[in-house]
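Engineer: Starting from these lines, generate the structure:
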Amino acid sequence: MLRLCRYLFVYAPWALAALLLILRPCDAKIVSGSATLTGASTESTLTKFAMSPFAQGKAILELHSKDMYVDESSLRLHFYADADWKKVQKAPMCSEKIRLAKKSIPVVFDLNNNPTADKIARHKKTASRDSGQGLWEARIETTIPGFRTDRSQYWYLTLDDCRLEQYQHDSQAPRMEYTLTVWDETGGIRVNSDVVKDGAIYTHMPADEAGISRLHTITMLFSFFLLLFVGLKIYSNVNTGGSVHAVLLIVLLATACDSVSSFFEIIHLRLYANNGIGSYSLDALSAHFEAMSDSLVALVLLSVGSGWTLPSDVLSGGSANEGFLSKLFCGFRSPSMMSMSAGSPAGILALSIIVSHAALAQWGRTFDEDFDCYHSLENPPGRALMWFRSVLGFAFLASVASVRNGGRCPQSLHPFLTKFAIVGISWFMSLPFISIFVAGAIPFHRRHQLLSAGSAFAQSCSLLSLIWLFTADVDASAYHRLSKVQGGGNDLTDMASSRAGGTSCKAWTFGKTKIRMD
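Structural biologist: So this is what the prediction gives:
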């Protein structure tokens with residue numbers, strides 16, 4: 001085990017660096033899909049793209065349809081700046097929306113009697129004619145206005161036909177397949193495989209992703225080193241005492257999930273730079289591993305706040321006749337006794353925390369075409385996550401209060417529990433606070449970067465705090481003098497009674513190794 005950890009510590013960073021160097025960037029963001037305009041829905045948002053300061057991007061839109069667009073006189077490609085986008089969304093009429101557009105380009109279709117095989121395949125299921133009659137195609141190559149502003153800005157590209165709103169000729173507007181390629185201008189000279197056009201460098205990477213790859217690299221390495229530290233601590237405990245507490249394994253898994261999440265996101269960013277699309281699977285896996293890390297941290301805080309790892313003579317007893325909250329806290333302070341079949345409130349809540357985080361992570365993937373955004377308050381899953389995290393925070397405070405004010409908690413433990421409550425509620429409320437602050441006080445073009453940095457910092461601090469809590473020396477605090485995490489046995493008040501014939505500690509045995517759950 002020690003040799004494996006040494007190999008991981010020495011060789012893993014170099015292997016990762018080599019892998020990242022292999023994935024070289026290319027030139028353009030590529031978005032594809034289908035759009036069907038109707039009188040009730042006269043516009044279709046094709047993409048959102050962040051432009052660099054003082055930049056003027058480029059875009060190429062290719063449309064093709066099996067059926068003829070009977071009257072495309074009002075069919076337009078419109079460009080909207082981020083400052084006007086909320087007004088565009090609130091405008092009730094198509095004619096009012098297009099007045100806010102910074103640029104408008106007419107779309108004109110021509111019949112192509114020799115379409116490519118892939119275009120024919122995309123229309124095979126929806127075509128109403130024989131594929132031999134060709135496809136109607138349109139191609140637009142243009143610049144994104146940019147206006148050379150001193151800040152990054154989002155541009156929204158939409159396809160609309162306001163005439164449908166007036167004449168309701170939906171049958172004359174067929175389904176269209178589109179491919180949109182977008183570049184951001186970065187200026188300067190050629191670097192690596194970036195494309196130089198008209199004397200400038202164009203890249204598809206949105207400006208709001210600047211620095212995100214570096215952030216994930218730092219987060220991944222930090223969590224990786226924490227993982228090694230906890231792994232060595234577990235190995236040392238097993239090698240010397242033959243037992244390890246389950247809470248250390250949970251913290252180990254949380255650090256692993258956080259590191260793997262950043263790793264997958266880095267690969268997604270590199271692939272995105274290579275093909276303009278990235279990997280949906282890797283991005284989704286990154287979001288789910290991040291959600292799992294959040295879930296594990298929340299469960300550890302709730303369990304320890306309820307008294308898990310503290311000796312039984314410090315805690316107030318619970319009975320079946322007590323209220324819901326008492327049953328909940330008693331369940332969290334004894335995770336090995338959680339039983340879904342018995343309807344344990346703690347077991348149900350624990351499962352709900354894991355499932356809810358996973359569901360919100362997947363739901364968040366439906367609100368952004370390129371990158372995970374389920375922490376953002378701009379979409380329903382982000383808002384639901386903030387409310388859920390806040391509710392768990394208040395439950396955590398109640399659990400700590402039940403231990404601190406339970407009647408049998410020693411006075412020496414009170415200051416530590418107060419500090420632990422402050423640290424724990426800071427983690428539960430940090431993400432809602434950061435999201436609200438970013439949404440209310442930070443300019444639109446900076447929100448994604450600051451929200452990503454804030455959430456990564458909060459998670460890293462929480463993992464570091466938990467590792468200190470469960471690996472510090474026995475004399476580090478009043479909690480460490482009483483806690484059963486260390487597994488030494490000399491300072492455990494209820495271990496002595498168990499050896500004297502009392503209730504034995506709960507443990508899972510794997511060979512000579514014991515995983516303690518008490």
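Engineer: Could you list the buried residues of stretch 468-481?
Structural biologist: For stretch 468-481, burial by neighbour count (16 or more other Cβ atoms under 10 Å) applies to L469, F470, T471, S477, A478, Y479, H480, R481. Any C-beta I mention is one placed from the backbone N, CA and C, and that applies to glycine too.
Engineer: Could you identify the most distant pair in those residues?
Structural biologist: Comparing every pair within the buried residues of stretch 468-481 by Cβ to Cβ identifies T471 and A478 as the most remote, at 16.6 Å.
Engineer: Pipe the buried residues of stretch 468-481 into JSON lines and attach secondary structure per row.
Structural biologist: Shown next, in JSON lines, are these (DSSP: H, G, I helix; E, B strand; the rest coil):
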{"residue": "L469", "secondary structure": "helix"}
{"residue": "F470", "secondary structure": "helix"}
{"residue": "T471", "secondary structure": "helix"}
{"residue": "S477", "secondary structure": "coil"}
{"residue": "A478", "secondary structure": "helix"}
{"residue": "Y479", "secondary structure": "helix"}
{"residue": "H480", "secondary structure": "helix"}
{"residue": "R481", "secondary structure": "helix"}
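Engineer: out of those, who's nearest D161?
Structural biologist: D161 lies nearest to L469 out of those, by Cβ to Cβ, at 60.5 Å.
Engineer: doesn't L463 make contact with the closest one?
Structural biologist: No. Between L469 and L463 there is no contact, the gap being 10.6 Å when judged by Cβ atoms under 8 Å.
Engineer: Distance check, S402 against H448.
Structural biologist: Noted for S402: a distance of 39 Å to H448, by Cβ to Cβ, to the nearest Å.
Engineer: cool, F416 as well?
Structural biologist: Shown here: F416 relative to H448, a distance of 38 Å by Cβ to Cβ.
Engineer: the more surrounded of those two?
Structural biologist: Each of F416 and H448 has its neighbours counted (other Cβ atoms under 10 Å); H448 has more, 26 against 18.
Engineer: what's the spacing between that one and F396?
Structural biologist: 29 Å.
Engineer: Pretty sure S452 sits in a helix.
Structural biologist: Yes. According to three-state DSSP, S452 belongs to a helix.
Engineer: What is the neighbour count of it?
Structural biologist: 24.
Engineer: I'd say it and I212 touch.
Structural biologist: Yes. Contact status for S452 versus I212: in contact at 5.9 Å, counting by Cβ under 8 Å.
Engineer: lowest average confidence, helix or strand, in this protein?
Structural biologist: Sorting the helices and strands of the chain by mean pLDDT, DSSP states H and E puts helix 493-499 at the bottom, at a mean of 39.
Engineer: and M93, what does it touch?
Structural biologist: Residues in contact with M93 (Cβ atoms under 8 Å, 6 or more residues apart in numbering) are E165.
Engineer: try it again with 10 Å
Structural biologist: By Cβ atoms under 10 Å, 6 or more residues apart in numbering, the contact list for M93 reads T42, R99, C162, E165, Q166.
Engineer: for the residues you listed, which one is nearest A254?
Structural biologist: Nearest to A254 out of the contacts of M93 is T42 (Cβ to Cβ; 47.9 Å).
Engineer: what helices or strands is the helix or strand containing V244 leaning on?
Structural biologist: Here V244 sits within strand 243-245, counting by DSSP states H and E. Applying 3 or more Cβ pairs under 10 Å, 6 or more residues apart in numbering; DSSP states H and E, we find strand 243-245 packed against helix 212-241, strand 507-510, strand 513-516.
Engineer: Compare those and give me the one nearest L282.
Structural biologist: helix 212-241 (12.0 Å).
Engineer: Which parts of that closest one count as buried, going by neighbours?
Structural biologist: 212-213, 215-217, 219-224, 226-234, 237-238.
Engineer: Equivalent analysis for stretch 424-436, please.
Structural biologist: Buried residues in stretch 424-436, counted by 16+ other Cβ under 10 Å: G424, I425, W427, F428, M429, S430, L431, P432, I434, S435.
Engineer: The fourth one falls within a strand, correct?
Structural biologist: No. Under three-state DSSP, F428 falls outside any strand and is assigned helix.
Engineer: what's the pLDDT at the residue nearest to D475 when sequence neighbours are not counted?
Structural biologist: Distances taken as Cβ to Cβ, 6 or more residues apart in numbering place R481 nearest to D475, at 6.6 Å, with adjacent residues excluded. We have a pLDDT of 78 for R481.
Engineer: cool, and the one 10 residues further on?
Structural biologist: We have a pLDDT of 39 for D491.
Engineer: The strand holding V244 pairs with which strands, parallel or anti?
Structural biologist: strand 513-516 (parallel) (DSSP bridges).
Engineer: still on that earlier bit, list just the nearest of the buried residues of stretch 468-481 to V297.
Structural biologist: Using Cβ to Cβ, the buried residues of stretch 468-481 come closest to V297 at L469, 11.6 Å.
Engineer: Now do the contacts for that closest one.
Structural biologist: L469 is in contact with 247, 251, 300-301, 304, 309, 416, 420, 423, 476-477, 479-480, 483, 485, counting by Cβ under 10 Å, 6+ apart.
Engineer: just to revisit the earlier point, mean confidence score for the strand holding V244?
Structural biologist: Mean pLDDT, strand 243-245: 74.
Engineer: What of stretch 383-392?
Structural biologist: On average, stretch 383-392 scores 88.
Engineer: With stretch 287-303 instead?
Structural biologist: Per-residue scores along stretch 287-303 average to 90.
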